[in-house]
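# Next one to model:
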Amino acid sequence: MKKVYILGGAQTDFERNWKKEGKGMVALLKEAVADGLTGAGLSFEDVRALNREDRVACFVGNFIAEKYTEQGHLGAFLTEVDPAFYGVPSARYEAACASSSAAIDAARTSIRAGDRDVAIVVGWELMKTVDARTGGDFLGRAAYYEKEAKGIELPFPKLFGRLADETLRKYPALEEKRYMDALARIACINYANAKRNPLAQTRQWFMNFAQASARGTETNPLVGGRLAVSDCSQITDGAAVVVLASEDFVRRRGLTGRPVIKGFGHRNAPLRFDRKVAEQPDSPYLLPWTRQAVLDAYGRSGLTVADMDVFEAHDCFTSSEYAALSAFGLTPPGEEYRAVECGLIAPGGAKPVNSGGGLIGCGHPVGATGARMLLDLYKQVTGAAGGYQVPDAKNALMLNIGGTATTNYVFIVGRED
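Okay, the predicted model is just below:
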């Protein structure tokens, strides 16, 4: 099996508001791509040279720029970044919040097939171009819009509030207070982790357990069923770039210490939330398709949960991270609270989750999240994560979901054996 290496990349500062800076998508792409190539040890001249031999391609992940920026045909916009991209194959991939994971999967496949030596993945989203209510309606297209989101204010907090409801229904031995306290602790962990990440959106924000657990108050209003503002990821502008390469390219360049993608999983669940619930009553897992994607990645890598040193969970809401803990295999299903209460997933714990803040703390520019997660796995296993580095991390796993865990992508990244 051909190896796929990660050369590096870059992430923009997710705290920034590009509209307030008077900048749009081209400015975002120019900055992110230039920094991403530098972070991977490449240049625009390298892109030109690879293109002359038809050994490079670009893979763009974006969810819904047609709404946020009134622009489609996004793969072609890399030609606006630099003339080096003239003639380079490039296309846009979309899978809701897992859009750049779809781009990563296509890039990985292209290299494994021997078609390319270098694949440049660019994930991005500009979300602060509209007000929160309008943006919430746009995001509703990640669900079945006509049946689950149209005419509903902030539909996704409500859908993931239903995930919280279904968690309590499926596991009757789980006390509501214990569950809600676990969600509050997840929020606190991710906010605290963000303070150690210089590119995190909420690195200057405040959150403690008292505030996170005081749902339905003036400072933490409810937004979707049991879920409050503290349970939600952020509306974020940003981009992430990650560069993949073939074994032949790495060998020719004499590159050492680059990690590899060791395993992957990709499974889709029923689109509608009601059908997700109806189709899985015999499974011990609330999200069995998510669990299967994780198992697929473990199986392809030859690794298990015991081999993982760090995890990136898709915490678009605290209820989604909670469900991910058993999908990872950190606890049996229905007992995810144990991983939270004992400190297993906290900094310094045996299995830290979202060390850089996750979506809640670092930010969630929808089309960039999968690429940002893969970049953070790269940073962890190469010791380049700075203030949020997990000591001696060798293997790391990410779960990136689209919609209400409809699209499930899992990648395992590790040091070369």
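# Where does pLDDT dip in the protein?
By pLDDT under 70, the chain has no low-scoring segment.
# in it, which helix has the most residues?
Counting residues, the longest helix found in the chain (DSSP state H) is helix 176-194.
# packing partners for the helix or strand following that one?
On the C-terminal side of helix 176-194, the closest following helix or strand by DSSP states H and E is helix 209-213. With contacts taken as 3 or more CB pairs under 8 Å, 6 or more residues apart in numbering; DSSP states H and E, helix 209-213 sits against helix 176-194. In short, each C-beta sits where N, CA and C put it, glycine included.
# And the helix it packs on, what's buried?
By neighbour count, with 16 or more other CB atoms under 10 Å as the criterion, the buried positions of helix 176-194 are 179-191, 193-194.
# can you pull out the strands in the stretch 1-150 of the chain?
Using DSSP state E, counting those that start in this stretch, the strands found in the stretch 1-150 of the chain span residues 4-11, 56-61, 90-93, 118-125.
# quick check, distance from the shortest one to the centre of its chain.
Relative to the centre of its chain, strand 90-93 is centred 18 Å away, using CA atoms, centre = their mean, to the nearest Å.
# Could you please name the strands it pairs with and the direction of each pair?
strand 56-61 (parallel) (DSSP bridges).
# Which residue ranges of the stretch 201-350 of the chain form helices?
Taking DSSP state H, counting those that start in this stretch as the test, the helices found in the stretch 201-350 of the chain are 209-213, 247-253, 273-278, 288-301, 318-328, 337-341.
# so which of those helices is the most packed in?
Between the helices of the stretch 201-350 of the chain, the one whose residues have the most neighbours on average, counting mean count of other CB atoms under 10 Å, is helix 318-328 (a mean of 26).
# picking that back up, packed most tightly, which of the strands of the stretch 1-150 of the chain would that be?
Sort the strands of the stretch 1-150 of the chain by mean neighbour count, taking mean count of other CB under 10 Å, and strand 118-125 sits at the top with a mean of 30.
# For that one, which strands pair with it and how are they oriented?
Its sheet considered, strand 118-125 pairs with strand 56-61 (parallel), strand 238-246 (antiparallel) by DSSP bridges.
# Among the ones you listed, which comes closest to Y285?
Comparing the strands paired with strand 118-125 by their distance to Y285 (CB to CB), the top pick is strand 56-61, with 27.0 Å.
# which residues sit in contact with the residue lying closest to G9 once chain neighbours are set aside?
If the residues on either side of it in the chain are set aside, G9 comes closest to V242, at 3.8 Å by CB to CB, 6 or more residues apart in numbering. With CB atoms under 8 Å, 6 or more residues apart in numbering as the criterion, the residues that contact V242 are I6, G8, G9, G36, A40, I104, V121, A371, L374, L375, Y378.
# any idea how far V242 is from V310?
V242 sits 17 Å away from V310, taking CB to CB, to the nearest Å as the criterion.
# And P347, by the same measure?
According to CB to CB, P347 and V310 sit 10 Å apart.
# Need the residues touching each of these two.
Common neighbours of P347 and V310 (CB under 8 Å, 6+ apart) are S355.
# So if I had to pick from the two, which one is more boxed in?
V310 (26 against 15; other CB atoms under 10 Å).
# What separation do you get for the more buried one and Q389?
V310 sits at a distance of 9 Å from Q389 (criterion: CB to CB).
# which neighbours do the two share?
Shared contacts of V310 and Q389 (CB under 8 Å, 6+ apart): S355, Q380.
# you'd agree N354 is up against C316?
No. The pair N354 / C316 is not scored as a contact, 11.7 Å apart, by CB atoms under 8 Å.
# does E416 count as helix, strand or coil?
coil (DSSP: H, G, I helix; E, B strand; the rest coil).
# roughly how far apart are it and I6?
With distances defined as CB to CB, the gap from E416 to I6 amounts to 11 Å.
# what touches both of those two?
Residues touching both E416 and I6 by CB under 8 Å, 6+ apart: R258, P259, V260.
# and those as a markdown table, adding distance to L287 and neighbour count?
Written out in a markdown table, the entries for the shared contacts of E416 and I6 read as follows (distance: CB to CB, whole Å; neighbours: other CB atoms under 10 Å):
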| residue | distance to L287 | neighbour count |
| --- | --- | --- |
| R258 | 33 | 21 |
| P259 | 28 | 22 |
| V260 | 28 | 20 |
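# Need the residues you listed in TSV (columns: distance to R162).
What follows is the shared contacts of E416 and I6, written out as TSV (distance: CB to CB, whole Å):
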residue	distance to R162
R258	42
P259	37
V260	38
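# Just name the closest of those residues to S233, please.
Within the set of the shared contacts of E416 and I6, P259 lies nearest S233; the separation is 26.3 Å, counting by CB to CB.
# residues contacting that closest one?
Residues near P259 by CB under 8 Å, 6+ apart: Y5, I6, L377, Y378, V381, T382, V413, G414, R415, E416.
# now do H73
Going by CB under 8 Å, 6+ apart, H73 touches R92.
# if we can go back for a sec, could you redo the strands paired with strand 118-125 as TSV and give each row distance to D82?
As requested, these are arranged in TSV below (distance: least, CB to CB, whole Å):
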stretch	distance to D82
strand 56-61	11
strand 238-246	13
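# Relative to the whole chain's centre, how far out is the longest helix of the chain?
On the basis of CA atoms, centre = their mean, helix 176-194 sits 19 Å off its chain's mean C-alpha point.
# try stretch 302-312
Shown here is stretch 302-312, whose average C-alpha point lies 17 Å from the average C-alpha point of the whole chain (CA atoms, centre = their mean).
# Can you give me the end-to-end span of it?
Taking CA to CA, to the nearest Å, stretch 302-312 runs 19 Å from one end to the other.
# same thing with stretch 274-282?
Between the opening and closing residues of stretch 274-282 lies a distance of 15 Å (CA to CA).
# now swap in stretch 95-103 and tell me
With CA to CA as the measure, the first residue of stretch 95-103 is 9 Å from its last.
# No more questions from me, cheers.
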